[in-house]
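Asks: Make a model of this:
(3 chains)
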Amino acid sequence: MSDTALPKSPASVRGILLGRRGRGRFDLTDMLTYGFLILGLLVMFTPVAWVVVSSFKTQANLQEFPPTVLPYASETAVIDGFDAPLPLFDVTQQDGRKVRLAQVRRVGLNAQMVDPADPGAKRIVVPVVNAVPVRQVRLAVENYANLVAETGADLWRYVYNSFFITVVATIITLIMNSMAAFALSKYRFAGSNVALVSILSTLMIPATVVLVPTYLIVAQLGLVGNLWGVILPTVATPTGVFLLRQYMLTIPDELIEAARMDHASEWRIFWRIVLPLSSPALAVVAIFSIMSRWNDFLLPLIVLNRREVYTLQLALNSFQSEFEVRYDLLLAMTTLTALPLACAFIFLQRYITTGIASTGIK
Amino acid sequence: MANLSLRNITKSFGAVQVIPDINLEIEDGEFVVFVGPSGCGKSTLLRLIAGLEDASGGDIRIDGESVMQVPAADRGVAMVFQSYALYPHMTVRQNLSFGLENIHMPKEEINRRVEDAGKLLQIETLLERRPRQLSGGQRQRVAIGRAITRDPKIFLFDEPLSNLDAELRVFMRVEITKLHERLGNTMIYVTHDQIEAMTMADKIVVLRKGVIEQVGAPLELYNRPLNTFVAGFIGSPRMNLIEGVVETEANGTVRFTASGLPPLSLPGSGASLKAGGKATLGIRPEDFVLNPDGGQGWPATISVAEQHGANSFLHCTLANGEAILVHEQGQSKVGRGDTLIVGPRSGQWHLFDADGLRVEVQ
Amino acid sequence: MSRRDQLASLAGGVISLPARIIEPVMTGLQKLLGIKRMPWVFLFPNMLAVILFSLLPVFINIHYSFTGSDRLYPQDRPFVGGANYETLFDCGNYLDPATCSRDLFWRALGNSLVFVPIQVIAMISVALLAALCLNREIRGRGFFRGVFFFPVMLSPVVVALTWQWILQRNGALNGLMTWVGLTPVNWLVFPNTAFFWSVFITVWAHMGFYTIILLAGLQAIPKDVYEAAKMDSANNWRVFSRITLPMLKPMLLVVFVLCVIRSVQTFDELYVLTGGGPGSATMLMVQYIYEIGFAVQPRNFGLAAAASLLLGIVLLIFTGVQLRLSRSAQQ
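Replies: Modelled structure (predicted):
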């Protein structure tokens, strides 16, 4: 709401300084609004940001409690006489001075240190509590490399499976739904109402109710353990047909008539005229389809019973138990799984949100 | 040759019969205008000829061959839609060539036709634009161009000028008439505007409620309307129609008495009239004589005097309360409140019987 | 070409390949069947999928619920009448799952009965609040709208693992609590806290979706109504309760029904997050059906079908009641 009244209250000076809505009135509801929005920003983004940051921590870093905010890695130094690099510590000595030493080994509450400047000298024993590890921020990118190494070629196969399902299912969904929407919006024929109602009524059927029979039908078709067993069952989305039909209804019938007089076959009319003109609605349906296919879990869980055909989501879920304590790998995989859609989101956010808004206004 | 023959055409939408029975012959090369109030069936008739609707009964013949079973695109007709129905996602060139591509015409031939149409309609510079970048008049011409490229036998126009502003309408009227002279094809033009009908047509078909009221050349309809509907529809401003009673008089005159008004003696033989029968007298505003010599006329009081500069229109009330419109050439001297006597110009009146049909008395 | 044109032509290029094969087929069919029958040709693939994968399964499910054994194919299954339903309802005391022969079913049912109302109310309240905030003329509205919608894009597995990482014993939340001096809690190990976080996490993951819908509903309320209210010296609360809320009612109803239907079918996030645990504290109906029908050996398709049908009927009744209420409210 824009407030055109001149500020008369004493708050006006503060209002001018803070200039919230450009009009000078900064009231409680504004503060609450921005507070809520900032809070929302934090709550929505921080968890995922945390996972991404954590995926760049080394295994050792991950096991620390309380966890560090940024990924740290211990600085190490190569010392003569030792094969492996030794971690460096800042040690507070008896006299309060701080000196940087390299730790050779740790025994109980004490640590054996050696002076990097004088490696040959006697080992210094230091209580652990006095030694603070020297660390710097470092992104443990090797987590991702290790992930690929551990899973071998399988990782790429899971990615491929997810991609295959998403892309093929979306294309089929788009074509089938738009064909049905075309028939239901641009033609009047006996039975069109029945068809429309029956398609929309499937919205009412919860996925759970058809879970077992879907599995049966997939099994009958011989598609258990096959990617197509996941693609086909949910291809005839009622929301897709509904959205496209609503949009196609706004295409003037005269265009179709003109095309008919232009010798265009019905398929041509559909393909060259109606479909291109429906591209906004097609985009929305495509985005919905991509989102739901990429994130699909339950149906793949029951249909894809072999490792080779796991989607990324199923693989991630199974890694939960496989990588029991290897959080570095698990977090890297989680980040990777979330990555494609997160990127798509940044680019397509506007289309997505307007598309959902228009669905809601049924 | 492209004559069109409609025989016993009927059309019903469900239980509603919009066209009871139409018979019409159109010669090759004629510019025929279907005119009538909205809902009279003129657009329906056009669409029947085009093949966009199927007639419920009867026969349509083009060049002597029945086209009832022939799809719209194959009848050799081309249609210019009221809203132009240009494909919004295609360029002008693609709009013009779409129909030709659908019949697999060779590219050179298509280009030639597009260029020719472009030159004829002066839209060559617009060929690469999209419809949304064109003005209303330009879109109009593209729509006509699309019809031209198909080289049809018959052109069909469905109220093409109704979406244009008044000035553009006048301009396009002339353009379309010139086009007809150049191309020479049969053209059927639907409009509700009787001025367009009068100025453009070789032959006018006046329709009301699915029935042809009269067919003829413009001036024939103007000078000899066959019933009160055509009399009142054709001609702007409208003909004045006053109801009354007629009696034949012995001296070769017909006496017309409107209630509350002095009788008029009109020369003519009332052979076809019933004595004492009801009749309607029609006098066009420009066919009134003010204060005629001989004194025969009706007293009228002026309620509003419109001065158009070159013409004056006097809205008058007769002694019996009926309103009439009188036209006076030039700038009238009379004004509001004045009374005058108005009478029909000799030979320029029309008599209709109780059923509204024309009666020849002269 | 604009970005949209580029995308359109790219999509066109991808799809045009199968189209070149389909076109002659469709043209041929048109010659064969005539224009009047073409809509059926266009409708056919979609209807086939709908009948095969949505309508037929309902009837098969009914068949399953009245048959027994662990065989998958209907012809192998013996008819048992209402035995599956009897088993499900075989309880000494309906309020104490331990007395039931299928105690897991009743535990899951009890959990769902608590989970759904709490989650729906929380979800709609938060979504409404967010929508109200977004509806005000603020800077960066598009950005903030995206903020709330972001978690909706994440897959349930990612959502579950993200929060599991935060909530585990050595996770960030406990780290934060230690930092401010509170004692850490093993959140997912205790039934009550696990339940709480289940609600929180699912609300977190899905509220953006409902926010968008409610925002659209709020924006459909014409601005001059608010201005008239302001001329009538209405304060913020009165504007909200007397104008905004009533005009939003139809949309709220839609959102409510959608939310309940979706909430009842919660499975993915919780399955990955807690697996239904600790014990069966966070097991909901869908997980029960999944376990009984697919995870536990021997698989009991009959029970799963019966349970899912009961669920479906409850939802149907619920939606019907809602529609009836909304229709009478409109009068």
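
Asks: all helices of chain B, in order?
Replies: Ranges of helices in chain B, per DSSP state H, are B:42-50, B:92-102, B:107-121, B:136-149, B:166-183, B:194-200, B:218-223, B:228-233.

Asks: and chain C, which of those is closest to it?
Replies: Among the helices of chain B, the nearest to chain C by Cβ to the nearest Cβ is helix B:92-102 (10.4 Å). C-beta coordinates here come from the backbone N, C-alpha and C atoms, glycine included.

Asks: Which strands and helices lie in contact with that closest one?
Replies: In terms of contacts (3 or more Cβ pairs under 8 Å, 6 or more residues apart in numbering or on different chains; DSSP states H and E), helix B:92-102 is packed against helix B:107-121, helix B:136-149.

Asks: how distant is stretch C:128-135 from the center of its chain?
Replies: Chain-centre distance of stretch C:128-135: 21 Å, with Cα atoms, centre = their mean, to the nearest Å.

Asks: again, but for stretch B:26-39
Replies: 7 Å.

Asks: low-confidence ranges in chain B?
Replies: Within chain B, the stretches with pLDDT under 70 are B:1, B:269-276, B:295, B:362.

Asks: now swap in the stretch 1-150 of chain A and tell me
Replies: Residue ranges of the stretch 1-150 of chain A with pLDDT under 70: A:1-26.

Asks: Identify whichever of the helices of chain B lies nearest to C:Met38.
Replies: Nearest to C:Met38 among these is helix B:92-102; the distance by Cβ to Cβ comes to 16.0 Å.

Asks: The closest one: how far from the chain's middle?
Replies: With Cα atoms, centre = their mean, you get 32 Å for helix B:92-102.

Asks: Buried ones in that helix, by neighbour count?
Replies: By neighbour count on 16 or more other Cβ atoms under 10 Å in any protein chain shown, the buried set for helix B:92-102 is B:92-102.

Asks: same thing with stretch C:25-36?
Replies: Judged by neighbour count (16+ other Cβ under 10 Å), stretch C:25-36 contains these buried residues: C:26, C:29-30.

Asks: Of those, which is the nearest to chain B?
Replies: Among the buried residues of stretch C:25-36, and counting by Cβ to the nearest Cβ, the member closest to chain B is C:Gln30, at 10.3 Å.

Asks: Roughly how far does the closest one sit from A:Ile269?
Replies: Note on C:Gln30: its distance to A:Ile269, by Cβ to Cβ, to the nearest Å, is 10 Å.

Asks: Quick check, B:Thr149 in contact with B:Asn111.
Replies: No: if you go by Cβ atoms under 8 Å, B:Thr149 and B:Asn111 don't touch, sitting 10.4 Å apart.

Asks: Between those two, which is the more surrounded one?
Replies: The neighbour count for B:Thr149 versus B:Asn111, taken as other Cβ atoms under 10 Å in any protein chain shown, is higher for B:Thr149 (24 against 15).

Asks: Now do the same contact list for the closest residue to that one other than its chain neighbours.
Replies: Distances taken as Cβ to Cβ, 6 or more residues apart in numbering or on different chains place B:Arg113 nearest to B:Thr149, at 4.5 Å, with adjacent residues excluded. Contact partners of B:Arg113, counting by Cβ atoms under 8 Å, 6 or more residues apart in numbering or on different chains, are B:96, B:100, B:148-149, B:151.

Asks: on that earlier part again, A:Met31 is nearest to which of the helices of chain B?
Replies: Nearest to A:Met31, of all the helices of chain B, is helix B:136-149, at 51.8 Å by Cβ to Cβ.

Asks: buried residues in the closest one?
Replies: So for helix B:136-149, counting by 16+ other Cβ under 10 Å, buried means B:137-149.

Asks: mind listing what A:Pro340 touches?
Replies: A:Trp294.

Asks: Confirm that A:Ala73 lies within a helix, as I assumed.
Replies: No: assigned with DSSP: H, G, I helix; E, B strand; the rest coil, A:Ala73 falls outside any helix and is strand.

Asks: how about the closest residue to chain A within the stretch 51-200 of chain B, what does it touch?
Replies: Residue nearest to chain A within the stretch 51-200 of chain B: B:Gly99 (3.3 Å; Cβ to the nearest Cβ). Residues in contact with B:Gly99 (Cβ under 8 Å, 6+ apart) are A:261-264, B:73, B:146, B:149-150.

Asks: cool, and B:His180?
Replies: Under the criterion of Cβ under 8 Å, 6+ apart, the neighbours of B:His180 are B:31, B:187, B:200.

Asks: Over to C:Trp204?
Replies: The contact partners of C:Trp204, by Cβ under 8 Å, 6+ apart, come to A:43-44, A:47, C:151, C:159, C:163.

Asks: Distance to chain B added to those, as CSV?
Replies: Converted to CSV, the contacts of C:Trp204 look like this (distance: Cβ to the nearest Cβ, whole Å):
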residue, distance to chain B
A:Val43, 43
A:Met44, 38
A:Pro47, 43
C:Pro151, 36
C:Val159, 40
C:Trp163, 46
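
Asks: from the residues you listed, which would you call buried?
Replies: A:44, A:47, C:151, C:159, C:163.

Asks: and the one helix or strand the last one maps to, what other elements does it pack with?
Replies: By that I understand C:Trp163. If you go by DSSP states H and E, C:Trp163 is part of helix C:156-167. With contacts taken as 3+ Cβ pairs under 8 Å, 6+ apart, helix C:156-167 sits against helix A:28-54, helix A:312-322, helix A:327-360, helix C:172-180, helix C:191-219, helix C:268-273.
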